[in-house]
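Trainee: whatever this is, show me its structure:
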Amino acid sequence: MAKFHSIKVADIYKTTKDCSVITLDIPTDLQQEFQFIQGQHVTVRANIGGKEERRSYSLCSSPIEKKWQVAVKKINEGVFSTFVNDTLKKGDSLDVIPPHGTFHTALNSVQAKNYIAFAAGSGITPILSIIKTHLATEPKSTFKLFYLNRTVKSIIFKEEIEQLKNKYFGRFEIFHFLTKEHRSIALLNGRFTKEKLQILTDKIIDIPSTDDCFICGPEEMIFLLRDELIAAGLPAAKIHFELFNTGISEEDKQRISKIVEKKVDGTEVTIIDGGKEFHFVMDEAFDTILDSAIAAGADLPFACKGGVCGTCRCKIVEGTAEMKVNYALDASEVAKKYTLSCQAVPTSKKIVVDFGA
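Mentor: Now for the predicted structure:
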């Protein structure tokens, strides 16, 4: 299981007035462990106001740049994001788990591929890493980016994106959509809609020649784009997405309630971590393996606790459990009995999960 490492902040600067870019100073002896794939994220931990806080942030740098950078946008009442934007400074230290995540596709330097990407706000962070890496590694490939923001001044990495456009002229196109400023082209005003997607797939995106699509943003936007792209003929297997700010719908609440009703009281839990075992009995005050394990004294990896980041992934070796929500694991992982411990509700009298599998 990946462990936290104390990492110094090599640099921190503002890319917009409410978004800070952190450069992590990864020591030479840890750089192999911290090697990453474009689109992956890190879990970061800090003590803020006497309380431990954890978050997952996508790396916006490319692995070919040999640097580790994350962008943190300040959100209303966001404890960690406010700390980063208002308090964190160069030379401070953060606890960081090495990069992980599956939001990527394999690189192929000899193939000519056509990629498209959709991002909203800070959803640009993993997308930027992906774009930089594919364009540099695959000299015959192209990228079209459709990027949604409130205003021009709120566009994260605006200058860097323009530099990429100039560097890869003819291979990289950017379409800025704004919700709070008027554009001369009606299509570029406001959020993505079904009608706009139909225009894009008819006039700008050549669906038959599109090899992969990457989407990062709110759930509602992602599923709208996914459904419209599939309706336009793009196979679902070519659509890759990563969610943030995920909310729980009423439908999900009803389904979760039914899952919690299946919980077995007093389940005996065994946590396998690096060859060591940790045993405890599920506390009736908690529904999920992660919450109960932490209450029992276990030190396990987690970040969002919303079924999004995948930091708490483990494999069910014995017994059964059902997840409340799952935005991080694909069908093949679930079939192999992987689960998200922050969402896993035990449905058997005994369960064994392995965090190193």
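Trainee: got the residue ranges for the strands in the stretch 101-250 of the chain?
Mentor: 114-120, 142-149, 172-178, 212-217, 239-243 (DSSP state E, counting those that start in this stretch).
Trainee: mind putting those in TSV, distance to residue 258, mean pLDDT and mean neighbour count included?
Mentor: In short, each C-beta sits where N, CA and C put it, glycine included. As requested, these are exported to TSV (distance: least, C-beta to C-beta, whole Å; pLDDT from 0 to 100; neighbours: other C-beta atoms under 10 Å):
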stretch	distance to residue 258	mean pLDDT	mean neighbour count
strand 114-120	32	97	24
strand 142-149	35	98	22
strand 172-178	39	97	17
strand 212-217	29	96	24
strand 239-243	23	90	21
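Trainee: stretch 86-101 spans what distance, first to last residue?
Mentor: Stretch 86-101 has an end-to-end distance of 28 Å (C-alpha to C-alpha, to the nearest Å).
Trainee: sorry, back to before: quick one: closest of the strands of the stretch 101-250 of the chain to residue 99.
Mentor: strand 239-243 (13.6 Å; C-beta to C-beta).
Trainee: who are the packing partners of the closest one?
Mentor: Counting contacts by 3 or more C-beta pairs under 8 Å, 6 or more residues apart in numbering; DSSP states H and E, strand 239-243 packs against strand 212-217, helix 219-231.
Trainee: strand partners (parallel or antiparallel) of that strand?
Mentor: Paired strands of strand 239-243, with direction, are strand 212-217 (parallel) (DSSP bridges).
Trainee: excluding sequence neighbours, find me the nearest residue to residue 33.
Mentor: Excluding the flanking residues, the one nearest residue 33 by C-beta to C-beta, 6 or more residues apart in numbering is residue 98, at 5.2 Å.
Trainee: if you could redo that for residue 136, that was the one I meant.
Mentor: Per C-beta to C-beta, 6+ apart, closest to residue 136 is residue 64, 5.6 Å.
Trainee: what number of residues are in the vicinity of that neighbour?
Mentor: Per other C-beta atoms under 10 Å, the neighbour tally for residue 64 reads 13.
Trainee: ok, the one 5 residues further on next?
Mentor: Using other C-beta under 10 Å as the criterion, residue 69 is surrounded by 21 other residues.
Trainee: residue contacts, it?
Mentor: Each residue near residue 69 by C-beta atoms under 8 Å, 6 or more residues apart in numbering is listed here: 21, 22, 23, 24, 59, 60, 61.
Trainee: the third one and residue 91, how far apart?
Mentor: When distance is defined by C-beta to C-beta, to the nearest Å, residue 23 is 12 Å away from residue 91.
Trainee: the more surrounded of these two?
Mentor: When residue 23 and residue 91 are compared for neighbours, residue 23 comes out ahead with 17 against 11, by other C-beta under 10 Å.
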